[in-house]
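>>> Okay, sequence plus prediction incoming.
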Amino acid sequence: MLETKSQTLLPQDKLQTEAGCEAMLYGVYDLMQETTFYGRDILTVPEVLADNSRLSPVASRYKGQADNRIGSHLDIWVESYEIIALLNEVIEYAEKLPETPKAKAIWGEALALRGLTYFNLARVYGREPGHLVDNFDLCVPLILKAFFYDGGPMGEEVYPARATVAEVWGQIEKDLTEGFSLLKGNDDGLMPKRMGSLATQAILSRVYLYEGKWKECVEASDYVTTNAPFDLYGGTYTDIFSKGEETIFYLYFTNSENWGSSSLQSINGMMESELDSEGYDIGKGVGDADLCVAEELIALFDQKNDLRFKAFRKAKINGEKVWWTKKFSGWQGAFGLDNVPVIRLSEVVLNRAEAQAELKKDTEALTDVNELRTKRGLDAVSFSGAELLNEILLQRRLELGQEGHRFFDLKRRGETISKPAGRTPVSYEDFRVVARISETQMDANKNLENNPGY
């Protein structure tokens, strides 16, 4: 059911101002920080649904996702539509504000954030364009207007049916494109803690990649690399996460917003404790350590030369040897306190490299992947054709591990979902690849049709 009440406590006349609209945008960012959203699960679940992360010996979370059990997936429906309800309010009010740079930026930011939110909904609850299964093409409901219930019967606007895959992805593009037009030249001070014009184009490069719109992906990526105030970072790899190097858009967390034992740091390992005679952390630090890095991912690294390998540390839990990521290590000064990257420059370069390879532009693709390789301490390569594309996909896996991409990178290409040793791979056609709509939502909205198999 559509949320019919404003999520803010301010009276309507206060909301219909620049300050009121911006206050609602801050509310959106608060919702995005939830553990079921970017605060944790959007980064952790896609890694354990595939083969980049596995359960640790002491795991209490994510057991269903590790086995790809029916109904165990991301669950972002409620938070997403709460976010969309707020953004629809902002968009409605911002359209009517006096035309100032600030008002344009607010309007554009809201549109771009709505596009990002629908993108996440679309990839969780539907198939990507060009990769339908049995021609089932329903995606998620499109709710594009603010709605306030004032009595009387409620219809399609409150109980919306699912739109098609093509309709939703078209709206994602529209929101991001229009948002960019409004943000461009009006977004001073937004980057990197909020969605600005550069982040909007970066997200568009990801959207086009998912859609297989290679030319458009290259164009969006070109805009980002041309206008970014930095290049790919060649220093200590963990600086990307501790200092925000090369990050275009991240969610900023304060001490009061720290998730502590439910944080990304806690889920992905423990605080450092003493080392044993073999150099393994003895696993006695603070942290739940539900997940560890899959050995299959570790084995892909050039452990001598690849700077990214230093972002792992080895430990023993209950006598079992494991690997932990250091990407989330309480870098902001307290256990569990990390800013969460939404998109960074290295992904955009990899987006473009993949698109160029798909367009058979090997020279351009090779330039991109070699730029990343050399920044990460590796030698340049001279691949072409399928070998080059495989190298790009490999570098994507190495670069973006534990950041919420692996499952979706397999899914968007229509590939089998690979799993760590001891787990069964999942065919792309398997219904479990797409999340179910919860019984609560199905009971509340009789116009919804669930995904096949549920």
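Sure thing, it's come through. Numbers count the residues shown, from 1 in each chain.
>>> Only C-alpha atoms from now on, for both contacts and neighbour counts.
Will do.
>>> Give the residue spans of this protein that score low on pLDDT.
1-11, 13, 148-157 (pLDDT under 70).
>>> what about 50?
1-2, 4-6 (pLDDT under 50).
>>> And what about Thr177, helix, strand or coil?
At Thr177, secondary structure determined by DSSP: H, G, I helix; E, B strand; the rest coil is helix.
>>> What distance do you get for it to Trp169?
12 Å (C-alpha to C-alpha, to the nearest Å).
>>> what's the answer for Thr325, then?
33 Å.
>>> quick one, which of Thr177 and Trp169 is more surrounded?
Between Thr177 and Trp169, Trp169 has the larger neighbour count (other C-alpha atoms under 10 Å), namely 24 against 20.
>>> can you pull the buried residues of the helix or strand hosting the more buried one?
Using DSSP states H and E, Trp169 sits in helix 165-183. For helix 165-183, the buried set under the neighbour-count rule, 16 or more other C-alpha atoms under 10 Å, comprises 165-169, 171-173, 175-180, 182-183.
>>> again with stretch 351-363
Buried residues in stretch 351-363 (16+ other C-alpha under 10 Å): Asn351, Arg352, Ala353, Glu354, Ala355, Gln356, Ala357, Glu358, Asp362.
>>> so which of the buried residues of helix 165-183 comes closest to Val224?
Nearest to Val224, judged by C-alpha to C-alpha, of those is Phe180 at 12.0 Å.
>>> who are the neighbours in contact with that closest one?
If a contact means C-alpha atoms under 8 Å, 6 or more residues apart in numbering, then Phe180 has Gly108, Ala112, Gly196, Ser197, Thr200, Gln201 as its contacts.
>>> Buried among those residues? Need that as a selection in ChimeraX.
The buried subset of the contacts of Phe180, as determined by 16+ other C-alpha under 10 Å, is captured in ChimeraX by this line:
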select :108,112,196,197,200,201
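>>> Out of the contacts of Phe180, which comes closest to Gly330?
Once C-alpha to C-alpha is applied, the member of these that ends up nearest Gly330 is Gly196, at 25.8 Å.
>>> just checking, the closest one touches Trp107?
No. Contact criterion C-alpha atoms under 8 Å: Gly196 and Trp107 do not qualify, at 11.3 Å.
>>> so where do the strands sit in the chain?
Assigned by DSSP state E, the strands in the chain fall at 53-55, 247-251, 291-293, 312-317, 320-325, 340-344.
>>> Need the ones you listed in JSON lines (columns: mean neighbour count).
Putting the strands of the chain into JSON lines (neighbours: other C-alpha atoms under 10 Å) gives the following:
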{"stretch": "strand 53-55", "mean neighbour count": "27"}
{"stretch": "strand 247-251", "mean neighbour count": "24"}
{"stretch": "strand 291-293", "mean neighbour count": "28"}
{"stretch": "strand 312-317", "mean neighbour count": "18"}
{"stretch": "strand 320-325", "mean neighbour count": "19"}
{"stretch": "strand 340-344", "mean neighbour count": "21"}
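>>> Nearest to Glu403 among the ones you listed would be which one?
strand 340-344 (7.9 Å).
>>> what's that closest one packed up against?
helix 197-211, strand 247-251 (3 or more C-alpha pairs under 8 Å, 6 or more residues apart in numbering; DSSP states H and E).
>>> Just put the ones you listed in JSON lines and tack on distance to Arg313.
Output for the helices and strands packed on strand 340-344, formatted as JSON lines (distance: least, C-alpha to C-alpha, whole Å):
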{"stretch": "helix 197-211", "distance to Arg313": "30"}
{"stretch": "strand 247-251", "distance to Arg313": "23"}
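>>> ok, which stretches of the stretch 201-350 of the chain are helices?
Using DSSP state H, counting those that start in this stretch, the helices of the stretch 201-350 of the chain run over residues 214-227, 239-242, 264-267, 295-298, 345-358.
>>> now the angle between helix 197-211 and the helix holding Trp169, please.
160 degrees (axes from the mean of the first three to the mean of the last three C-alpha atoms, to 10 degrees).
>>> Would you list the phi and psi of the nearest residue to Asp239 once chain neighbours are set aside?
Leaving aside its chain neighbours, Asp239 sits nearest to Glu245 (6.1 Å; criterion: C-alpha to C-alpha, 6 or more residues apart in numbering). Dihedral pair for Glu245: phi -60, psi 140, per degrees, to the nearest 10.
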